[in-house]
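*Asks:* After the sequence you'll find the predicted model.
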Amino acid sequence: MKALKKTLILGTAFGFVGLIAINSTSSTSANGTGAPSARTGSPGDGMNCSGCHTGSAVNTIPGVISSDIPASGYIPGTTYTITATISATGINKFGFEISPQSATGVKKGTMVITGGTTTQLITSGKYITHKTAGTAGTGTKTWSFNWIAPAAGSGSLTFYGAFVLANGNNANSGDQVRLSTLSVSENTATTGLEELALSADDMNVYPNPARDFVTINVLSAGKADVRIFDLAGREVRTITDYNLSSSQGISVSDLPQGMYVMRISNERGEVLKKIVKQ
């Protein structure tokens, strides 16, 4: 009986990376052009690539999934680079799927494609997986993408990953399935400043998150000095005698993405507001 041609399939979920290699001819599970969803091995997905590749999935050493997220945690709304690298001697065909998820399988943050010829998003952006052009490698393979951290208060999450290392024997047997994770936390530090409220004023800063401008809305008129600090405590914007009743926008378009602390002060008191620059 003629042997079926084997291709590689990967499944990716936020906080998860999954790879699957399967038959690519008449089989409905052929995924050399990309893995099916929910194959990352995460608790929420409950599946990995070993269902199509005989044998058990093996947890691999830490470091397969890496990022430029600092040890102090992600800053809500900030864009980071996520990288997955898998290596094995004698292997020249690889696959993957990744998804950032909570422990219950809820997608956290937003993945953004940076290598359109080798990777793709599936299932409304919950998973990232390979394309056909993203499976070849000599002993090693690397994929990368951007991730926009979720809104403040989202908490910790995990990138779950599943990888397939295909042996090229034109069958489903003998391939290797590897699982790996990267757990990250949210940076909730605000340089020691607590959010305060003026006793007589109802103050609102909008839009928040913001891209180009933020506006201060206060029920009472008057002027105030406005200073914006990054999380390292550096003052990045100063506006003196800001007219609180003017609804004048304060430009933040040139600031890097991330969280900031806005201090609004006058003779009546001081209020601190957290703002997120997208």
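*Replies:* Sure thing, it's come through. Numbers count the residues shown, from 1 in each chain.

*Asks:* The host helix or strand of residue 178 pairs with which strands, parallel or anti?
*Replies:* Taking DSSP states H and E as the definition, one finds residue 178 inside strand 176-184. If you go by DSSP bridges, strand 176-184 pairs up with strand 58-59 (parallel), strand 157-166 (antiparallel).

*Asks:* ok, which stretches of the stretch 51-200 of the chain are strands?
*Replies:* 58-59, 65-67, 79-87, 93-101, 110-112, 119-122, 127-130, 140-148, 157-166, 176-184 (DSSP state E, counting those that start in this stretch).

*Asks:* Could you give the number of residues near residue 117?
*Replies:* Using other Cβ atoms under 10 Å, residue 117 is surrounded by 10 other residues. Backbone N, C-alpha and C define where each C-beta goes, glycine included.

*Asks:* Revised request: answer the last question for residue 218.
*Replies:* So residue 218, with other Cβ under 10 Å, has 19 neighbours.

*Asks:* One more: the one 10 residues further on?
*Replies:* Under the neighbour criterion other Cβ under 10 Å, residue 228 is assigned a count of 22.

*Asks:* what does whatever helix or strand it lives in rub up against?
*Replies:* In this assignment (DSSP H and E), residue 228 forms part of strand 223-230. Contacts with strand 223-230, where a contact means Cβ atoms under 8 Å, 6 or more residues apart in numbering, come from 191, 193, 216, 235-244, 250, 252, 255, 258, 260-266, 275.

*Asks:* Could you identify the buried members of the residues you listed?
*Replies:* 216, 237, 239, 242, 244, 250, 252, 258, 260-264, 266, 275 (16 or more other Cβ atoms under 10 Å).

*Asks:* which pair in the residues you listed spans the largest distance?
*Replies:* 258 and 266 (26.9 Å; Cβ to Cβ).

*Asks:* show me where pLDDT drops low in the stretch 1-150 of the chain?
*Replies:* Applying pLDDT under 70 to the stretch 1-150 of the chain flags residues 1-31, 49-57.

*Asks:* Swap in 90 and give it another go.
*Replies:* The stretch 1-150 of the chain contains residues with pLDDT under 90 at 1-37, 39, 41, 46-63, 70-72, 75-79, 88-93, 95.

*Asks:* picking up where we left off before, can you tell me which of the buried ones among the contacts of strand 223-230 lies closest to residue 186?
*Replies:* Nearest to residue 186 among these, with distances taken as Cβ to Cβ, is residue 258, at 12.5 Å.

*Asks:* and the closest one, what are its bridge partners?
*Replies:* Bridge pairing for residue 258 - DSSP bridges - gives residue 277.

*Asks:* now do residue 79
*Replies:* residue 148.

*Asks:* now swap in residue 140 and tell me
*Replies:* residue 87.

*Asks:* OK, contacts around it?
*Replies:* 85, 86, 87, 88.

*Asks:* next one: residue 262
*Replies:* By Cβ under 8 Å, 6+ apart, the neighbours of residue 262 are 205, 214, 226, 227, 228, 229, 272, 273, 274, 275.

*Asks:* Next, count neighbours for the fourth one.
*Replies:* Pointing back at residue 227 there. 15.

*Asks:* Quick check: closest non-adjacent residue to it.
*Replies:* Distance criterion Cβ to Cβ, 6 or more residues apart in numbering; nearest residue to residue 227, sequence neighbours excluded, is residue 263 at 4.8 Å.

*Asks:* Buried ones in the strand holding residue 178, by neighbour count?
*Replies:* So, applying 16+ other Cβ under 10 Å, buried residues of strand 176-184: 176, 177, 178, 179, 180, 181, 182, 184.

*Asks:* That one - what's its average pLDDT?
*Replies:* In this model, strand 176-184 carries a mean pLDDT of 92.
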